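> missing the sequence, but the structure's below:
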């Protein structure tokens, strides 16, 4: 079957289905896009070679002349369509450029990423022709820098609890409120702002609407630049909106549908973040390789020791998997895919955690020298830490992945319950539905021999067989958890996160198998030894994690003990012991 733009490979895994046509053949960047991206990446490398990233970090601000240089390079218009003065890069092309930037400096990457990935992404996705014509040319040149305004002092992951409000007065909306930790807040002139346009009630949260707000409307101000742990040169401020009169034509999307706008923007934005994590891993691996080859102990380079090789090998393997996820998701969007929220969330979680691991391991390889501020590792560690927090914390995204994946199995089980009731009165009418259920259960219990993946190269037969088996294990676990907890599953965060972790590993493994298959078909088996080894290495690690999570999901875990310990220290307000008593 051909690629289905309405299908989600990630969501299908929770239901025991592997939609291989969604990921095979693994995509390649079109030649014309590659030819456009290559000189941009070369220009970035040449320019960034003259930037003192350490000086930017120490100063904690983005110099005006640096911003002007980024404008002149066209980096603010990467995804703006050509008819509006931009470069018109595809999602894959944009991901490749963000990867290159992230290999140079985190603050610059975040500044440009916040502008394109989320700042004016809503305008591209939901804007009217008039809105695009009015704003995109200035956004393309960087005359206007964009920012995304959702988070508030009392609203982080719970977007529906925002307090910023807008009330209609004739042809205007009067906007009031405060936003927190807004990247580009102090240097932007274009803001995508989310506000309540109807009041909360005891039974329902008020409706949220998205607005285009520009600084020249008046009543828009920003607080001082935040003193951050990392990405210090990127501009982060609070934003204040005091009786801002926003024209009704500045509503973005539909009135009351702002939550949909926000989630769509963030789903897109996570692909940019995922590609940035790829660039960061590349830079750290390169630094670790250079140090391991130069540093000598016991008369030989430390690169020759097994424990150092283990670190370098896993860093390279995780980078390969991160790339595989990143470009699979970006190409899904380019092909017109409509449902990639799970895939985007998985990429953000996996890649940001792989970057954090790479940062830690690169510093460890450098040893005591890596702990010194004159080396790049401590800044890299401070810069990398934010990736597990912004655009959805990894904890919240795990719950999103798990609960989203559980929706289809949950709906199926509801339908099954109705059919079981009907079967008592009309068994013939319900036979087809019940037979389908019997087939699904049989598929979950018969090990190996399944043929849901037929397009992977035969050299990965063992890996494919395991994936097919583990996907059925995931589906069975979903059913078990749903039957055990029912509607209360939304409160079972440890169980849901465990389900999400299985799905993350399975999706990452499938993306990697698809990519390696494509490379073998292109280069030949003998020239893909390293790619196969990385695939096999990741499969081995992922298999152990999946098995542990599936086993724990059946109840063999310490969830209750861990929560009980937490409740004890919370009640006491501290950790108590009698060692010195």
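Structure's in. What do you need? As the structure is a computational prediction, the values presented were derived from the model and not from experiment.

> mind checking the longest helix of this protein?
helix 258-294 (DSSP state H).

> Any buried residues in that helix, and which?
If you call a residue buried by 16 or more other C-beta atoms under 10 Å, then helix 258-294 has these buried ones: 258-259, 261-262, 264-285, 287-289, 291-292. All C-beta atoms are positioned from the backbone trio N, CA, C, and that covers glycine.

> now swap in stretch 147-164 and tell me
147-152, 155-156, 159, 162, 164.

> would a markdown table of those residues with pLDDT, distance to residue 539 and secondary structure be doable?
Formatted as a markdown table, those follow (pLDDT from 0 to 100; distance: C-beta to C-beta, whole Å; DSSP: H, G, I helix; E, B strand; the rest coil):
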| residue | pLDDT | distance to residue 539 | secondary structure |
| --- | --- | --- | --- |
| 147 | 98 | 41 | strand |
| 148 | 98 | 37 | strand |
| 149 | 97 | 42 | strand |
| 150 | 96 | 38 | coil |
| 151 | 93 | 38 | coil |
| 152 | 93 | 43 | strand |
| 155 | 78 | 41 | strand |
| 156 | 72 | 36 | coil |
| 159 | 75 | 37 | helix |
| 162 | 93 | 43 | coil |
| 164 | 97 | 47 | coil |
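
> any idea how far residue 525 lies from residue 516?
10 Å (C-beta to C-beta, to the nearest Å).

> Need the residues touching each of the two.
residue 457 (C-beta atoms under 8 Å, 6 or more residues apart in numbering).

> Between the two, point out the one with more neighbours.
Neighbour totals were compared for residue 525 and residue 516, and residue 516 leads with 25 against 13 (other C-beta atoms under 10 Å).

> got a list of what the more buried one touches?
Counted by C-beta under 8 Å, 6+ apart, residue 516 has contacts 457, 460, 528, 531-532, 534-535.

> Mind jotting down where the strands sit in the stretch 401-550 of the chain?
Taking DSSP state E, counting those that start in this stretch, the stretch 401-550 of the chain contains no strands at all.

> So, low pLDDT: which residues of it?
415-451 (pLDDT under 70).

> Swap in 80 and give it another go.
412-451 (pLDDT under 80).

> Leaving out chain neighbours, which residue sits closest to residue 71?
residue 142 (3.6 Å; C-beta to C-beta, 6 or more residues apart in numbering).

> Can you give me the distance of the one you found to residue 112?
For residue 142, the distance to residue 112 - C-beta to C-beta - is 9 Å.

> what residues are shared contacts of those two?
70, 75-76.

> still on that earlier bit, so if I had to pick from residue 142 and residue 112, which one is more boxed in?
residue 112 (25 against 20).

> Contact partners for the spatially closest residue to that one that is not a sequence neighbour?
Spatial nearest neighbour of residue 112, excluding adjacent residues (C-beta to C-beta, 6+ apart): residue 75 at 5.5 Å. Residue 75 sits next to 44, 97, 101, 112, 142 when contact means C-beta under 8 Å, 6+ apart.

> burial of the third one, as a residue count?
I take that to be residue 101. 26.

> Am I right that it is in contact with residue 109?
Yes. Between residue 101 and residue 109 there is a contact at 4.4 Å, judged by C-beta atoms under 8 Å.

> Spatially central residue for this structure, please.
residue 348 (2.2 Å; C-alpha atoms, centre = their mean).

> gap between the host helix or strand of that one and the chain center?
In this structure, residue 348 sits in helix 341-366 according to DSSP states H and E. Mean-position distance between helix 341-366 and its chain equals 11 Å (C-alpha atoms, centre = their mean, to the nearest Å).

> Determine the set of other helices and strands touching that helix.
Contact here means 3 or more C-beta pairs under 8 Å, 6 or more residues apart in numbering; DSSP states H and E; on that basis helix 341-366 packs against helix 9-13, helix 258-294, helix 306-334, helix 377-384, helix 394-425, helix 493-523.

> Quick one: residues contacting residue 181.
151, 226, 236, 238.

> Show me which pair in those residues is furthest apart.
151 and 226 (12.3 Å; C-beta to C-beta).

> Domain parsing of the chain, as residue ranges.
Domains of the chain are assigned by automatic domain parsing as 146-259, 405-567.
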